Structure formats: structure tokens, C-alpha cells
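> Quick one, what's the 3D model for this:
(2 chains)
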Amino acid sequence: MISNFFVLSTRGDTVLAKAYHANPSSSGNTAGTDSNAAHERSHTEAFFRKVKFWTEMEGVVNSNAENGESSSSSNSSMIGGDARATKQNAPPVFRMADGLSYLHVKRNGLIFGCSTARNVSPSFVVELLSRIAKVFKDYCGTLSEEAIRKNFILLYELLDEMIDYGFPQVTQTENLKAFVYNEPIVVENISHTGGLVNPKTASASAVHKPVIASVSADGRRAINKNQKNEIFVDILERLNILFSNSGYILNSSIDGCIQMKSYLAGSPELRLALNEDLVIGKGESASYGAVVLDDCNFNDCVNLSEFDNARTLSFRPPDGEFVVLNYRMTGEFRAPFRLFPNIEETSATVIELSCHVRAEIPENHFGANVTVEIPLPRITAAASANIISSPGAVGVRYEYIAHDQKLLWHFKKFPGGSEQTLKVKITLSAPCTSQTRREIGPISMNFEIPMYNVSNLQVRYLRIAEAIPGYTPYRWVRYVTQSNSYVCRL
Amino acid sequence: LIVPMMNNPHHPTGPGSSAPPPFPPGAGAGGPHSQHPQVGNATGGVGGAPPPNNDSYFTETRKGEVNELRTLLRSFDKERNPLRKREVIKKVIAYMTLGIDVSRLFSDMMLLVETRDLVVKKMVYLFLCNYATTNPELAQMCTNTLQKDCSNEDPMVRGFALRALCSLQLPQMVEYISEPLRKSLTDPHGYVRKTGVMGCLKLYHLNRDFADSCGLVDILYDLLKDNDTNVVTNCIYVLNEIMREDGGMRMNRAIMLHLLNRLHEFSEFGVMAVLDLVPRYRVANSDEAFAIMNLLDPLLRTSNSGVALAVVRCFFALTEQTGDDPLVMQRQVVDRVKMPMITLTAGGSAELVYSLLKHVDVLSQRFPGVFDDEYRQFYVRYNEPTHIKYLKVSILPKVANANNAPDIIGELSEYVGDIDARLSRLAVRNMARIACSNAGGDWGAEHVVGKLVEFLDLNVAHVSAEAANALKDVLRKNPSLREHVAPPLPRALKYTTDPIGKASIIWLLGELSDISNEAPYVLEKLIDSYDTISNASVKMALLTATMKMFFKRPPEVQKMLGRLLKYATDDVSTQDVHDRALYYYRLLKSSPQIAEQILSNLSACVAIEKTFAEEDDSDMHAALMNEFNSLSIIYGQTSENFIDEEHRVVPAMMAEENVEGAAASLLNDGPAHAHQPSTNFEQPHPKPTSATNGTAPSAAVVDLLDFGDSTPTPAPIAAPSNDGLLLNPNASMTGEAFQKMWGEIASPTLTDSFGLKNLPNTADTEGALGKLFLNTMASGELPTELKFFLYAQESHSGSYLLVQAVISKSSPSFSYTIKTNATDASKKCNSLVDKMKSALVGFM
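As a prediction, the model looks like this:
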């Protein structure tokens, strides 16, 4: 199945590696493993370089025959030129010169990768790698280079149980407990992974960070301290909204999930009830005000027998973090923030941009850590801004990043129902052209709204299926709305 | 209570932090400063023995550290603190991970394997497996300990030791492995059995013949019925691997249905392993295909994309067997799986989304229209990785239709302004695709051309070039749109620097010279600066365009054409250009009429209803569908293009004779195969399984799948089948009764024989027949033949069928004489013969 597995740090060092000889050549050669090992190592290095400096080298699709061979070389140089402009991300699956396919997932800046000679199912392998990363996180508490280095013996133990000879074995966190004898060494806090981490990947995984920061994802410790029976439930919604420059919504969707982290002793069966009038499938008839999801899918452990009638899920919570249900909604919903940008050319080399943002959420809610990002033209010489804040906004400031030619507008707290304005004066180093105008925008927004969800999906109750006397679990239910791709065009 | 995650009895919960850090600062774990020596040493030092004369500073340092570790390891006799011990061994393993050669410590490490501290034991195993191949003699010394551990009372220890033993990969160890391995397969603990099954594969890879001689395959088939699904999953992996050259594990209906029926007990990865078998399964009839699809349908609600895609793959394969038009059926399948697939893309990580979108990409081309209404899901999000953005942009034209084309074209033209140049290029290119495929109707094509002309004028090098290139294709498809294109061309030529874009514009000018007044004069400028053109394709385009223009506007062009032909024939930088110019020159000289004919054909437009040849890849998509849910979809190539021959698996459909136990299909089977599983799956099992006897699982399968009575069931199963012969699985008879009855029935009901290819031995024959409840009363081997006395009892009437059978050794054949006192005797005898043939099919 897979020939080897490795974890690489942000700098490309091998943090963990294991070779499987599941694919010996048919001639039955056993040519010394030393050369194999050297091969593995040089190839993980080559692999890392390829991931890090990925450029799409495939030629222009429609380079036609008329142009002859000479066009292919000019193509690649052309594409190569493009690559300098924007950093490209390596796809998770690609083939290398050694004839093997390499698959990888990135988690917290670390690369979990493997190679295979077979025509495997890519989703199968990627799911496996993701699972390994999850199990590592469950056992180490946090997933970082430091945590892995400190716990590598434990992780080898886990890896041996999860993959034998290249084939997946036991992969559930709770089932693995029986085989593991090492103790995790808890790494305090998430160590900074250095500036080399792609900020996008880092923040994407931050979205899935356990919600209650105080537990600090440190399951082991909690158990040692004889922690009370607790279960954390998150209704997490990530919004994708695309506004036109007039404020009209071009595209919108909610990617939601119900995520849990259980510290319940003996993992009793739980029942989770959702809105009774929940409708699944856009075409279905729904009463007024009902929540209509396009579709949803469930964790393997969930029993759906009562879902269709009573919208109730029952399951035994597995250990560690897990997603009970993912859902998707593209129907009408109220965008929590609306953006109204406006651009004016006041002179040949000066552009004035104003941006109003209105929070259309109830006043008792607020947006936390809100950032509005405005890309500026490449020929920007300077930019300054003037902030007009309405009361209630906390920690408002702006920041012009000359290196990336963008302007960031931060809020620690953006109160519901309020409207904030930013006026930016952009001075150009050359006269403005239509291309310059095109380079401004799109404006994107990042935020988090605690205890608020847009879809109106509710957890009616979460209870233990069979009441056990004297067993009082603590249930923490949280709603969080986050931006995923929240963009306004100019 | 919560099971503590670390339940090591030997370890008092002491402070782990008091131990020294596992990485000394010099080991390269801590800071980036030590990276270079580390890499250098890794490549140099892994080569087995320590480099003898490599006196570099860093190697010396390492040597010192390794020696230090050795001293520490040797002092363990006195060391009583298990924590200290662990820390030192940990350090050794840490060095190993970093690629530092610590194989010199092998003998010291081996001394530690005798310990009750499981943490230490596992670390030593890890070390052992890593260096066994470089120290085979030393490794062999610890086989005793490993073998002993294989019989430890703790099932964990048994499992760990077995895994280590099988992972040593030393050919000379084969004989030491086989015994513990065989024992492990009947171990009461599932963990040991599971490890043993995987060990079988390791043994097989180590020494194929030896593994064959152990009869592992038969044991593994038995273990498919194990009540631990992890064992079953491993059996599937291993059998698939062993029979890889034949296209994967051989199966029959009973096996498949048994596995499907237990599907809910498997882990996600186990489910995928089972689902992987389904496409190779030959259904008994179309009802069964639908029944299996219904059974798998709930799995589409899973959040595991691997499972979901595997189900889709099964659906495609099963619909091919329903007898209906597969394309129509598969379209329905895609309709069914569309929503789950899109939901998975919404919730999944970028890596999973990539794989899913690649599959959507192929599906949207194979089944146009199905994904159209979800086109907004393929809009690019600003924070996505570039590979997903590019993929989405290339999916958008494939989901375009007359209704959504305006939206999609609008969206794509937004991407053109993106700072990522590749994204904007792709956006232009894919807008052109909408126009070429005519997905958006006439309006769409015209709209696209309008946009492309706008981009041409945008004065951004890469966008203009791409737009020019795109326009060329669009015009070839839709010549009626030429008027829109002509005006900006002369302008665009000036600021396009990109060679491909330039060549495209020149081509367009040549094509549109009849409506673009300026065209000859723009080209003239280029011709007069011929020396400055460096790119051959631009020169080539210039030649052809000028030629075309000459026939449209001879008086204006004649002179410049003459100059160009001269320049080009004198051009020694490119052979192609030189030859082409010479060719044109001679053509014109001999017959301008013919030249005109040839040249005007060059600009022939592709008829509207046709597609460009390079884009017509429906055959490719059909081929890719057969490899759905594999890397082929990611690479857009079938597997023979990228998988080494030795790793290629050509999936083989389940043999036809295994569809049901029906005799008719068993008679004309091919040569027996070495790994042919016994045709029926039911046989007594050493371990208790959920089923009370062999027939139960299959019978349950039939019920649970809701096949109803119309479905034929496997012959050996006690259910009404058309031949009407049901045998009592628990029949018994005394020898006396047999003899008495044999004597009582005077004339045999049936006497005949059939040929065998291979000679079975007595035990095999008895076993095979016994599985069909044809029991042996007595048997014996004579120099020339094998003789059997067999009996069977019909379940309904209780009447007996007696058989005397002889297998001749000289020319293998099976002769039989059947006697029975049952009613309808001849019919029953015939079906009994069919059963015997099906039992012995492996030797026929």
C-alpha cells in the first residue's frame, strides 16, 4: 500500500520516518536497506524542495501544433515567470522522478507525507494521513514540531499500531490506548512554528483549534488530575460570502459542523437533538423560518435511526476531538457584516478609497479579532488612513504593509449593529491606469463571532441516553461563526 | 472509568521531566545551526558500517557521542532506575531517526531485549527491525527471545514480538518465523491473529515458495470469517497482495455477501478494503446489484471521503452489471452522489478537497450537465491554496450551460484581474473553452469574445497574450464572430511581448486581413524588423499570415512578401523557418493557384458541431472511469502510464463459476489455479464465530440483503434450490448401516466418471466433499487408486445417498457409483454429482 511514511518540519528536517517494505520488487531483491535508507532520505529532501518551491510546469493546454516544438520551451519559461509573481502551493498528490507517488497533508506547518508505488485511492491515503495527524494531536495534546520531537517514541509506538507493513491497522484514538506504553510529554502552549509557515495553512488549522482554550488540548493531563466529566460541543460555522461592489451577494454558503471533545468517563451513549423543523435538501418543502440545510454527513459512530423523524443523533463519543456532523447551507441567510467600498481618483497619482463596514448582528453580540484586508496596487508609494469609529469598537487600528502592498484594518471588538468607516489615501509612484484600478481589491474580511450562528441550527439538548445515578456530566455548548472566504469585489 | 492512556504497570508515575532531554544540543534536534552536519552525515553515514576514513569534524563528534551511549548502555547492569534506562535507549532511537548510524550499538541493544519493561522492549524491537538487515548474524541471535515472547502470556507481548520477528526481513529466518506465525493465526486474541495475518504477507515476500508450501492461503481464507474485523481486513489486504498478479484476491459470492453483511462492524479503513472488492464482484443477477447498492447507499452519509468515493466506484461497477444502459444508470448514480460529494468538499481539509474536485472534474466531463446547478460551489475562494483554485477554474467551463454561462463568464473575468498570473491565464483560457464548446449558446460565445477583446486591450502582457491565443481558437470555431476581433489587433501587436501571444495575433491578422485595413501595414513593420524577432514560432506565424494576406490583398502585400521570403530563406537560425519559406517560394513559383488552395485550407474553421481533436477525450474519460477513485483520476492518465509494471494491478472480475454453486457453470471452467480457493466458503471454523454452523452466515446474508426468494442462492446452502437436493449438514451413519444399505439396494442408481487434471490427495478430497455435507465413511489409498465410501442424507426425507468413488492415479479421473433409496432418485443423483464436481473443481 504505502512504501514509507514521514513527518517533515517546516524547515524540511525529517522529524519522524518509517519505511515499509510492502512493495519489494518481484525479483525478491533484498539489496541492503542502507542504500534504501539513503534513497528514502534523499527523496524526502527532494520531495520537500518540490513542495516548497512548487511551480506548475505543465505547458499551456492549447499550445497548438502550428507553433511547433519551439513553443513548448517558451511556454515553460513563461509559466515559470508567472510563478515568481505568486507562490504556488503544491498539490497534495504528485509524482516524483523516482516513479513513486507522494501524498501529503499539511498540519500546523508540519508535513505528514508518504509515498507509494501503487495506484492507490488518493482519498484513502489522504484520509489515513489526516487520521495519523489527528491521533498524534490527540496523544500529544498539541501538534507541533516540538511536541513530536519530545514524544517521538510514543509516536513510533502509535505509528506501529496504525500502519503495519504499509497497511492501515487500528486508527481510532481510543482503540489505540491499549497498545501504548509511553507517556506523553506535554509541551506547554503551541510553540511558534517560525515565520516560514504558510500563514494561510496555519490559520486554517487554527479554525479547528479546540474552542475552550483553558483545556489547551491537553487530554492526558486532564485525566491524570481526575478531571470532572466534561463534554465540549461546538457549533462551528464558516462563512463564504462574495459581495459585488454594490453590496449585492453574488455567492454565499455556510460550511458548518458540530464538533465535540469528550472527557466523559466510560464514554456513555449520548443523544444530541437538533431543531425539530430541520430540513435537509434544498428542494424539500420547509415551513417558514425552518433551517434548511443543503446536505450533511456524519461521523461513523453516529446512529441515525432517529434522525429522520426526531432529528436526534445518538452515539458513543470517541476519545479526542471529533466532528459529529458536517453540514452545508447555501440558502438565504443574513450576512453578519456588509461591506460598502468606494474608490475615487482624486488626481493622477492619488486614489482615495473608503470602506464602510456594517455589522448586521444583534447588539449583544460582537465580532472578535476582525481584520479587513485591502490589497493595494503594485505601484503604491504610500498609503495612509483615517479611521472613523463608532462607539463600542475596541482596539481599532490600521497597518500598511508595504512589502505585500496591502492595508490591514484591525478590530479587537466590532460591536453588533454598529458601522465603521475607513478612508484610505493611496499615493502612487506612477499615474493610475485601468490596470492599477484592477489591482485594488478584492477586500477580504476575517472575523469570529462568539456565541452566534448564522444558520440558526440549534442543539436542542445533549444528554446521556440512560441516566446513571450520581453521574453529572458538564456540558459546554458553544456557537462560533467564523469567516472563511468573506470577500467584497471592487 | 476512563482507561488511562498509559497503563504501564512497571512505571511509577514519576516526573518525566526530571530525565535529561532526549536530544543533546549537538544532536541536531534543537537548532537550525546543526542542520548541515546532520544532512552530511546522514548521506554519508547510513551506508552500513561507519565510514572508515572519513575524518570530518562532525563524524568524529558523532562517533564520540555514539561511544558515550555505548558506555551508558553497558553500565545498565548496575542501573536500577528504569527511567534512566529508557532515556538512554530513547537517545539511541533518536539518533536512528536522525539518520545517524548507531548500528554499532547493535549487540549492546540486543542484550536489553530481555526485559519486563514493555517500553524498553518495544524500543529495542524498533531498533532491531531497523538494523537487522545490516547485522543479520546478530539479529539471528535474538530470535530465541523473540520466539519466546511469541508465546508470552500477555497477548500484547505476543503481538509485538511476532510483528518484530516478521519484520526482520531476513531470508535465513524463514524457518524460525513459520512456527510462531502458524500458531498466531489461531491465537485466542484478535490482536495476535491480526498481526499474524500481516506476518503471512511478510513471509510471502521473504520466501514465496515457502509460504506456498505452508498453505497460508487456505488459512487466510478461513480467517475471512474471523469475528474480529481487523483480522478480516488484514486478510483482505494480504490475499489481495498475494494474488496481485491474478488481479487480486479470488472470491466467490458467499465471501462477498458475508463481508458486505458485516460491513457495519468494520473500521473506516476496513470498509474501504471491502468496498475495494465490490467492483470485481460478479453479481448473480440485476436484483442483487440493486440490493448491494441499497446496502451501500447509507455510507454516502459518512464524513470520510475515502469511503464515499469507494462507494461511488462500487455504484459505477454495479450499474454496469444491471443490464440497463450503463451510461444512463451511471448518470443517475452521479446525480445521487453529487450532493454528498459537494458536502465533503465543503467540510474537508484542502488535501481532501483536491482529490474530490479531481473526481468531480472527471465526472463533469463524462456526464455533462449533472453538476451544472451547483456551479457556484466551484467559485474560487480567496484563501484557498493555488492548486485548488486552478482546479476550480478548470471545472467551471465544464459545468456551464445556457442558463448559468453569464454568471460563470462574469466570475471568470473577475479572476483575470487576480494578482496570481497563472490564475488569470487559466481564467482567460477557460472562458474561451465556454465559447468553443458553445456551452453558453451563441450569446455566450459572443459575450466571451467581447470580454477577450477587452483583455487583449488591457495592456497586461500575460493577459493579452493569453487572450490572443484564446481568440484564435474561438474564431476557428465561430468564424461569424470575426468582426468583433479585428479592431484591437494592430494595437495589441505592439504591446504583446509574449511569443505565443504575438504569434496568435499575427495569425489573427492574417486571417482577418480582409476586414482589418491596417493589417498589412502592421505586418510590414514586423517584416522590416525581421532580424529582431528571436522566436521561431513568431517567424512561422508571420510567414503564413503574410502568405494568406497576399491572396486577399495582392497589390499591397506582394512587395513585403518578397522581402519576407528573402529574409526567411536567408535565416540560418531555424531550419523550420528556412524550409517553410523555401517551400512557399517554390509553391508560388510553380503555381499560385495551388498555393492559394493550400493556404486557404490552412485557415479552415472547425465546424461548430465538432470539437478540437485534442479536446475530444471521451475515450480517455471512459477509461478513467474504470479507474475511478485512484491516482489515475488525479493525474488524468490511466495507470499503465505512471505505475511501474511490477506494481500494476489489473483488477480481475470474480470468476464466473463463483457466481453461484450452479453446476452448469462449473463444468466448463478453465485450468485450476494454484491459489484457487475452495469454491464454497463454508467450512468448520476452529474459533467460535457468530454463526453456529457453516451455513448460517450465507443464509443470513440472503435475508438481510432482502433478496427474496427469487434470487438463486449458493448451491450448498440449505434453501430450496431448483435441483431439489438438500443435504443434512449433521448427517451421521454407522458403518454397519452403510454396508447394510449398500447391500440392500441392488442396482446402482447412477454410475459414471469425470476427468481430473490434478491428482488430489485423500484428505483434500474428503475435506472438499465434506464441506458440501458429503461425508466420508471410509477411504483408503491403493497403489493405483484412491477409494472413498461416502454418504449424504437428504434433509427433508431423511433418505440417504451412498457413493462409492474411485480416483485413478494413472490417469486422474473420478469414477463414482451412487445408490439411493430416495424418491425421484435419478434427479437427486444428478444434483449430487454436480455437487461433487463443484467440490472438486480445484482439481479439474
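
> which residue ranges form the strands in the stretch 651-800 of chain B?
According to DSSP state E, counting those that start in this stretch, the stretch 651-800 of chain B carries its strands in the segments B:750-755, B:775-781, B:785-793, B:800-808.

> So for chain A, which of the ones you listed sits nearest?
strand B:750-755 (34.3 Å; C-beta to the nearest C-beta). C-beta here means a position set from N, CA and C on the backbone, and glycine is covered the same way.

> Residue 124: which element?
Unless you meant another one, I'm taking chain A. helix A:122-140 (DSSP states H and E).

> Chain B, not that one
Here B:Val124 is assigned to helix B:118-131, by DSSP H and E.

> list the helices and strands that helix packs on?
Where contact means 3 or more C-beta pairs under 8 Å, 6 or more residues apart in numbering or on different chains; DSSP states H and E, helix B:118-131 is packed against helix A:152-162, helix B:82-98, helix B:106-110, helix B:155-167.

> same thing but 6 Å
helix B:82-98, helix B:106-110, helix B:155-167 (3 or more C-beta pairs under 6 Å, 6 or more residues apart in numbering or on different chains; DSSP states H and E).

> The last one - contacts with which helices or strands?
The reference is to helix B:155-167. helix B:118-131, helix B:143-149, helix B:174-184, helix B:190-206.

> B:Leu203: neighbour count?
21 (other C-beta atoms under 10 Å in any protein chain shown).

> so how far is chain A from it?
B:Leu203 sits 11 Å away from chain A when distances are taken as C-beta to the nearest C-beta, to the nearest Å.

> picking that back up, ok, and what's touching the helix or strand following the helix holding B:Val124?
Later in the chain than helix B:118-131, the nearest helix or strand by DSSP H and E is helix B:136-141. Helix B:136-141 has contacts (C-beta atoms under 6 Å, 6 or more residues apart in numbering or on different chains) with B:Phe106, B:Ser107, B:Ala132, B:Leu168, B:Leu170.

> For the last one, give me phi and psi.
Phi and psi for B:Leu170, reported as degrees, to the nearest 10, are phi -110, psi 120.

> For B:Cys129, see how far away it is.
Taking C-beta to C-beta, to the nearest Å as the measure, B:Leu170 falls 11 Å from B:Cys129.

> B:Val333 too?
Distance of B:Val333 to B:Cys129, computed by C-beta to C-beta: 45 Å.

> One more: A:Thr171?
Distance of A:Thr171 to B:Cys129, computed by C-beta to C-beta: 21 Å.

> Any figure for the gap between A:Cys432 and chain B?
Going from A:Cys432 to chain B by C-beta to the nearest C-beta gives 13 Å.

> Enumerate every residue touching that residue.
Here A:Cys432 is in contact with A:Glu345 (C-beta under 6 Å, 6+ apart).

> which phi and psi does it have?
Dihedral angles for A:Cys432 - degrees, to the nearest 10 - are phi -70, psi 130.

> and if you look at A:Ser455?
phi -70, psi -20.

> isn't it right next to A:Ile254, touching?
Yes: at 5.3 Å, A:Ser455 counts as touching A:Ile254 under the criterion of C-beta atoms under 6 Å.

> anything in contact with each of the two?
With C-beta under 6 Å, 6+ apart as the test, A:Ser455 and A:Ile254 both reach A:Glu237, A:Met329.

> for chain B, what are the low-confidence residue spans?
B:1-63, B:76-80, B:601-616, B:660-726 (pLDDT under 70).

> and what of chain A?
Using pLDDT under 70, the flagged stretches of chain A are A:21-41, A:56-86, A:187-228.
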